[in-house]
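1. What follows is a predicted structure for the sequence shown.
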Amino acid sequence: MGYCVGTRPPPSCLILLLLKLLATVSQGLPGTGPLGFHFTHSVYNATVYENSAARTYVHSQGRMGITLIDLSWDVKYRIVSGDEEGFFKAEEVIIADFCFLRIRTKGGNSAILNREIQDNYLLIVKGSVRGEDLEAWTKVNIQVLDMNDLRPLFSPTTYSVTIAESTPLRTSVAQVTATDADIGSNGEFYYYFKNKVDLFSVHPTSGVISLSGRLNYDEKNRYDLEILAVDRGMKLYGNNGVSSTAKLYVHIERINEHAPTIHVVTHVPSSLDREPTYAVVTVDDLDEGANGEIESVSIVAGDPLDQFFLAKEGKWMNEYKIKERKKVDWESFPYGYNLTLQAKDKGSPQKFSAVRIVHIANPQRDSVPVRFEKEMYDVSISEFSPPGVVVAIVKLSPEPLDVEYKLSPGEDAQYFKINPRSGLIVTAQPLNTVKKEVYKLDVTNKEGDLKAQVTIGIEDANDHTPEFQQPLYDAFVNESVPVGTSVLMVSASDKDKGENGYITYSIASLNLLPFAINQFTGVISTTEELDFESSPETYRFIVRASDWGSPYRHESEVNVTIRIGNVNDNSPLFEKVACQGVISYDFPVGGHITAVSAIDIDELELVKYKIISGNELGFFYLNPDSGVLQLKKSLMNSGIKNGNFALRITATDGENFADPMSVNISVLHGKVSSKSFSCRETRVAQKLAEKLLIKAKANGKLNLEDGFLDFYSVNRQGPHFDKSFPSDVAVKENLPYNYVFLSVIEKNTLWDWVLKFFMNFRISM
């Protein structure tokens with residue numbers, strides 16, 4: 001290159017210097033080199049299986065390496081980082097003009113690839129040319145793939161449970177758990193018993209052990225089960241995939257199956273006994289062991305004074321005696337005591353016997369005089385009580401074994417009968433046919449030496465309907481009366497007594513009405529202002545009278561008509577106001593200047609018109625009937641050439657006057673347009689039409705309701721039973737619960753409908 005030295009080197013020297021500069025710059029860029037020395041990609045993705053043998057090459061979807069622009073290049077690859085354990089080695093394979101990068105596992109390394117420890121390696125690979133200053137870098141991302149190299153492992157390996165002998169079939173009793181660090185199908189496994197098991201089953205995937213047979217404590221009280229886990233994936237190195245064995249110990253617990261049962265033999269002790277025994281109690285329990293042992297027998301009720309106790313006879317015997325703790329108070333309990341006993345065992349869970357009631361008879365009973373529990377019985381029943389209604393029950397105390405009750409003959413006895421054994425008194429015939437308020441009965445025993453009196457009061461039944469004093473009511477009221485004005489009073493009466501005869505009133509209407517009724521007095525009054533011009537002229541509605549009867553009320557209804565009177569309460573209203581216009585100086589006498597018009601909505605009363613000011617010179621005439629304004633005398637002779645007239649006009653219906661309106665007239669020389677007057681519209685006619693339309697609709701709605709008034713609202717007919725309906729029904733005492741034994745049909749002739757419903761008389765005891 002000596003010829004390139006000098007102050008002005010030749011062009012060829014400049015080209016060589018430029019190429020040298022480009023080569024120097026390109027050598028400083030990572031992954032690149034002069035003339036395109038670089039890897040085909042900056043990052044490669046490759047895979048390799050774990051546990052791979054030495055010299056196993058990683059697999060890449062695309063080719064890895066450098067394209068050789070100069071076939072003389074001797075390319076070398078080296079892993080510079082990312083392989084601290086030294087698992088991988090980079091090799092070069094040149095085919096044609098491409099130097100392939102091949103990465104394989106090394107040999108002679110005691111460590112092997114283990115996905116469970118590290119599943120990804122990111123290698124930095126450097127490429128260089130021997131003898132040249134050329135370098136390139138790339139990244140290789142190696143994903144370690146899973147092999148089924150691990151076995152399922154139990155944790156823990158020993159389980160123990162205790163279950164009751166009575167555990168139902170298919171009950172889950174335990175669950176074993178194993179894990180496999182492999183992924184995907186390599187990590188899947190299933191459970192099974194090592195040996196055949198009859199009474200238990202294991203779910204293959206969840207490890208839940210369930211009971212599949214009946215347990216018997218006497219046959220076997222413990223089961224030792226061995227559970228294995230089998231790997232579902234392909235086995236590596238030919239192993240059988242079996243995990244460590246888990247052991248499950250199932251202990252069977254005897255159940256407390258039976259509750260104690262109590263047997264009692266009562267005894268009436270002699271008055272000479274120092275420690276009298278009133279009953280012998282024996283308790284049995286069919287269970288064995290602690291479950292069959294009796295912990296205690298207690299008096300749980302019937303001994304409010306704590307006078308009795310249970311004494312156990314022997315240590316190993318379940319026999320007890322009821323004895324007195326202190327002297328028994330027989331005078332307070334002349335009929336004896338009803339003691340309630342209950343036993344409990346020592347089992348788990350503890351069980352209690354059914355309660356057993358033991359009657360402790362009064363040894364001194366024979367000395368107690370027999371008498372009625374009450375000398376006087378006072379009861380009351382409804383006057384509508386049918387035959388068979390329970391009235392009262394009388395009893396002798398103490399009651400003899402051969403007791404017999406009788407009703408003494410008398411006028412009132414025919415309406416009642418008594419059960420001779422129980423003392424139950426019931427009605428023998430209907431009572432509403434007899435107008436009596438009190439019945440008196442004498443009850444005696446069989447011998448007739450004991451007597452009790454039963455007084456039976458008859459309660460008034462709600463058997464009357466309120467009756468209005470008039471068949472219908474008609475009233476008249478003027479519009480504009482104050483709110484709250486009384487319009488009409490309706491009145492009804494009821495022949496029943498007490499609350500059955502109290503009456504309240506109400507209005508029954510499908511529409512909203514401007515009236516309300518006092519529920520106690522029957523006075524109908526207004527609730528809002530009445531307006532004849534915008535509301536119905538006549539209101540028709542129903543007033544209902546209801547009594548306070550129980551268990552049901554009676555009601556009656558009456559038609560009420562209220563007519564609204566028209567009052568002249570509206571002033572005329574002008575259709576147009578504030579009129580102004582022009583007439584000529586030579587306007588003819590009698591000529592039509594303009595016309596005014598007013599409307600009175602009080603039944604469209606006739607309106608009169610008059611000028612109240614502005615016509616002092618008498619030039620104008622206003623027709624009082626038609627409202628036409630005319631020129632009364634000539635303006636030409638008046639000397640007025642140009643002038644203004646301000647007329648004020650009013651209208652009246654004879655009582656009320658309209659607000660004055662103005663008519664301003666200007667007089668000019670020259671020709672004047674025939675349409676020279678203009679006024680402001682008040683829309684009075686339109687408002688009147690709207691008001692009349694509202695009134696027409698309201699009248700139409702009320703008329704529609706009037707058409708259905710009698711048919712829809714008035715309840716004229718009552719339901720009645722069929723003639724074949726039985727007056728009494730006999731029922732066997734052993735009928736099952738919810739047994740339907742009577743069907744009832746109800747008829748209402750107003751609609752001629754037959755409504756069927758069932759009254760389910762159910763046996764409750």
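-> Looks like it arrived, so ask away. Residues are numbered from 1 along each chain as shown.

2. Count the neighbours of Leu631 for me.
-> Using other Cβ atoms under 10 Å, Leu631 is surrounded by 18 other residues. Glycine gets a C-beta too; all of them are placed from N, C-alpha and C.

3. beta partners of it?
-> Going by DSSP bridges, Leu631 is paired in beta bridges with Phe620.

4. next one: Ile458
-> Beta bridges link Ile458 to Ile381 when assigned by DSSP bridges.

5. Glu557 and Ser509, how far apart?
-> For Glu557, the distance to Ser509 equals 11 Å [Cβ to Cβ, to the nearest Å].

6. These two - which one has more neighbours?
-> Comparing Glu557 with Ser509 by other Cβ under 10 Å, the one with more neighbours is Glu557, at 21 against 18.

7. now the more buried one: how far from Val490?
-> For Glu557, the distance to Val490 equals 11 Å [Cβ to Cβ].

8. Find residues that contact each of these two.
-> Shared contacts of Glu557 and Val490, defined by Cβ atoms under 8 Å, 6 or more residues apart in numbering, are found at Val543, Ala545.

9. Tell me where the stretch 51-200 of the chain is predicted with low confidence.
-> Counting by pLDDT under 70, the stretch 51-200 of the chain shows low-confidence ranges at 148-149, 184-185.

10. now the strands: where do they sit in it?
-> In the stretch 51-200 of the chain, the strands defined using DSSP state E, counting those that start in this stretch lie at 59-60, 65-67, 75-81, 88-95, 98-105, 120-129, 135-145, 153-154, 158-164, 172-175, 178-179, 189-193, 200-202.

11. most packed of these?
-> Ranked by mean neighbour count, the strands of the stretch 51-200 of the chain are led by strand 65-67 with a mean of 21 (mean count of other Cβ atoms under 10 Å).

12. Now do that one: everything it contacts.
-> Outside strand 65-67, the residues that touch it by Cβ under 8 Å, 6+ apart are 36-40, 75, 92, 97-101, 127, 136.

13. Going by neighbour count, which residues in stretch 264-284 are buried?
-> Val264, Pro276, Tyr278, Ala279, Val281, Val283 (16 or more other Cβ atoms under 10 Å).

14. Can I get that stretch in PDB? Just the C-alpha atoms.
-> Provided in PDB are the C-alpha atoms of stretch 264-284 (Å, rounded to 0.1, in the frame of the first residue of the first chain):
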ATOM      1  CA  VAL A 264     -93.800 -51.600  86.500                       C
ATOM      2  CA  VAL A 265     -95.800 -53.600  89.000                       C
ATOM      3  CA  THR A 266     -97.800 -51.400  91.300                       C
ATOM      4  CA  HIS A 267     -98.700 -52.200  94.900                       C
ATOM      5  CA  VAL A 268    -101.000 -50.800  97.500                       C
ATOM      6  CA  PRO A 269     -99.100 -50.900 100.800                       C
ATOM      7  CA  SER A 270    -100.700 -51.600 104.200                       C
ATOM      8  CA  SER A 271    -101.100 -48.900 106.700                       C
ATOM      9  CA  LEU A 272     -98.900 -51.000 109.000                       C
ATOM     10  CA  ASP A 273     -95.800 -50.900 106.700                       C
ATOM     11  CA  ARG A 274     -93.000 -48.800 108.100                       C
ATOM     12  CA  GLU A 275     -91.300 -48.400 104.700                       C
ATOM     13  CA  PRO A 276     -94.100 -48.800 102.200                       C
ATOM     14  CA  THR A 277     -93.400 -49.900  98.600                       C
ATOM     15  CA  TYR A 278     -95.800 -48.500  96.100                       C
ATOM     16  CA  ALA A 279     -94.400 -50.100  92.900                       C
ATOM     17  CA  VAL A 280     -91.600 -52.400  91.700                       C
ATOM     18  CA  VAL A 281     -89.800 -51.100  88.600                       C
ATOM     19  CA  THR A 282     -87.600 -53.300  86.400                       C
ATOM     20  CA  VAL A 283     -85.500 -51.900  83.600                       C
ATOM     21  CA  ASP A 284     -84.200 -54.000  80.600                       C
END
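
15. how far does it sit from the chain's center?
-> Its chain's C-alpha centre and that of stretch 264-284 lie 60 Å apart, by Cα atoms, centre = their mean, to the nearest Å.

16. tell me the contacts of Asp198?
-> Ser212, Gly213.

17. Hmm, Glu226 and Asn195 touching each other?
-> Yes. At 6.5 Å, Asn195 counts as touching Glu226 under the criterion of Cβ atoms under 8 Å.

18. Just confirm Asp378 is within a strand.
-> Yes. Counting by DSSP: H, G, I helix; E, B strand; the rest coil, Asp378 is part of a strand.

19. Now do it against Ala392, distance only.
-> Asp378 sits 9 Å away from Ala392, going by Cβ to Cβ.

20. Pick out whichever of the two has more residues nearby.
-> More neighbours surround Ala392 than the other of Asp378 and Ala392, with 21 against 11 (other Cβ under 10 Å).

21. ok, which stretches of the stretch 601-750 of the chain are strands?
-> Using DSSP E, counting those that start in this stretch, strands in the stretch 601-750 of the chain cover 608-613, 620-622, 628-631, 643-652, 661-668, 678-681, 744-748.

22. okay, the angle between the fifth one and strand 643-652?
-> Per axes from the mean of the first three to the mean of the last three Cα atoms, to 10 degrees, the angle that strand 661-668 makes with strand 643-652 is 160 degrees.

23. Partner strands of strand 661-668 and their direction?
-> Assessed with DSSP bridges, strand 661-668 is paired to strand 576-584 (parallel), strand 643-652 (antiparallel).

24. ok now do the closest residue to Ser380 other than its chain neighbours, which residues does it touch?
-> Distances taken as Cβ to Cβ, 6 or more residues apart in numbering place Gly457 nearest to Ser380, at 3.9 Å, with adjacent residues excluded. Contacts for Gly457 (Cβ under 8 Å, 6+ apart) come out as Asp378, Val379, Ser380, Ile381, Glu437, Val438.

25. try it again with 10 Å
-> Residues near Gly457 by Cβ atoms under 10 Å, 6 or more residues apart in numbering: Asp378, Val379, Ser380, Ile381, Glu437, Val438, Tyr439.

26. And Met661, by the same measure?
-> Each residue near Met661 by Cβ under 10 Å, 6+ apart is listed here: 574-579, 596, 598, 609, 647-651, 679-680, 682.

27. mind running it again at 8 Å?
-> Applying Cβ under 8 Å, 6+ apart, we find Met661 in contact with Phe574, Lys576, Val577, Ala578, Cys579, Val596, Arg648, Ile649, Thr650.

28. which of those count as buried?
-> The buried subset of these (16+ other Cβ under 10 Å) comprises Phe574, Lys576, Val577, Cys579, Val596, Ile649, Thr650.

29. Export these as a markdown table, with columns for distance to Ile542 and pLDDT.
-> Output for those, formatted as a markdown table (distance: Cβ to Cβ, whole Å; pLDDT from 0 to 100):
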| residue | distance to Ile542 | pLDDT |
| --- | --- | --- |
| Phe574 | 44 | 89 |
| Lys576 | 48 | 87 |
| Val577 | 48 | 88 |
| Cys579 | 53 | 92 |
| Val596 | 49 | 89 |
| Ile649 | 51 | 91 |
| Thr650 | 48 | 92 |
